[in-house]
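In: this one's sequence-less:
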């Protein structure tokens, strides 16, 4: 597992560079699949985090064992602190994926990709603010 993640990151970076250099290559298809997976993850994460946050906010006074799972889900999705390297890598992926999709002729997918990322960030910011205002977040 320790060697798989760097290999996937290197392969992704190589495919992004190849897709930008040769917009008609097969590397753009890899980037299309990557963008679709990221869109699916943003949609599923935002929906799951929003549902768990709503459940936690509605049942916060109950001492039910299900609240532990809601807190765990919300903290993993919305309050996860990433190291600076991972944030930098995510910004690089975002910065190179959009032009790669546009140059490859996938304009609508590129716009959908940006809207999924923006939507997830908006949902995350909204629920983080609601949870902090409710006084449920200990570390903020």
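Out: Noted; the coordinates are in hand. What you are looking at is a predicted structure, and each value in this text was computed from that prediction instead of being measured. Numbers count the residues shown, from 1 in each chain.

In: how about low-confidence regions in this protein?
Out: Within the chain, the ranges that satisfy pLDDT under 70 run 1, 62-66, 138-140.

In: Could you identify the longest helix within the protein?
Out: In the chain, with assignment by DSSP state H, the single longest helix is helix 27-58.

In: ok and the helix or strand just after that helix relative to helix 27-58, angle-wise?
Out: Downstream of helix 27-58, the next assigned helix or strand under DSSP states H and E is helix 66-77. Angle, helix 66-77 to helix 27-58, by axes from the mean of the first three to the mean of the last three Cα atoms, to 10 degrees: 140 degrees.

In: Which positions in helix 66-77 come out as buried?
Out: For helix 66-77, burial by neighbour count (16 or more other Cβ atoms under 10 Å) applies to 67, 70, 71, 73, 74, 75, 77. Quick note: C-beta positions are derived from backbone N, CA and C, even for glycine.

In: just to revisit the earlier point, flag every buried residue along the longest helix of the chain.
Out: For helix 27-58, the neighbour count (16+ other Cβ under 10 Å) marks 27-28, 30-32, 34-35, 38-39, 42, 45-46, 49-50, 52-53, 55-56 as buried.

In: now do stretch 129-137
Out: By neighbour count on 16+ other Cβ under 10 Å, the buried set for stretch 129-137 is 131, 137.

In: That stretch: how far from the chain's middle?
Out: Distance of stretch 129-137 from the chain centroid (Cα atoms, centre = their mean, to the nearest Å) equals 22 Å.

In: That'll do, ta.
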